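A.B. asks: A predicted structure for the sequence below; I have some questions about it.
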Amino acid sequence: MKSKRPDILRREHEIVGSLVRDDNMRPFVLSELVEMAREYEPKIMDAAVTANLDRLCKLGVINRPRKGYYAANENSKGYLAELNIEMDARGLSR
């Protein structure tokens, strides 16, 4: 966490937070997540969001139930809490 840039922390917070907040824990389509990221980073490339999602999958923070879809898992809420702590420690807005 400590080595992540502020823009990455905010992006992960938005993505993981959106996945966790969905009560049905439904998978989100990649395009939905890209649009969410663009609210905070208007010029972000699709590939940057995809790379971030791939890293989160490899860390076990989120799942990829099938190609182009991403969903929260049992580790997502804990990771979101860690993001909140790190962002608060750096004085970053959420």
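C.D. replies: Nice, I can see it.
A.B. asks: point out where the chain drops to low pLDDT.
C.D. replies: The chain contains no residues with pLDDT under 70.
A.B. asks: all helices of the protein, in order?
C.D. replies: All helices of the chain, identified by DSSP state H, fall at 6-21, 30-40, 46-58, 76-90.
A.B. asks: do I have it right that Met36 meets His13?
C.D. replies: No. Contact criterion Cβ atoms under 8 Å: Met36 and His13 do not qualify, at 10.7 Å. In this view, the C-beta of every residue, glycine as well, is placed from N, C-alpha and C.
A.B. asks: is it true that Asn52 touches Leu9?
C.D. replies: No. Contact between Asn52 and Leu9 fails when scored by Cβ under 8 Å: they sit 10.9 Å apart.
A.B. asks: returning to what we had before: and of the helices of the chain, who's closest to Arg66?
C.D. replies: Comparison of the helices of the chain against Arg66 by Cβ to Cβ identifies helix 30-40 as nearest, at 11.0 Å.
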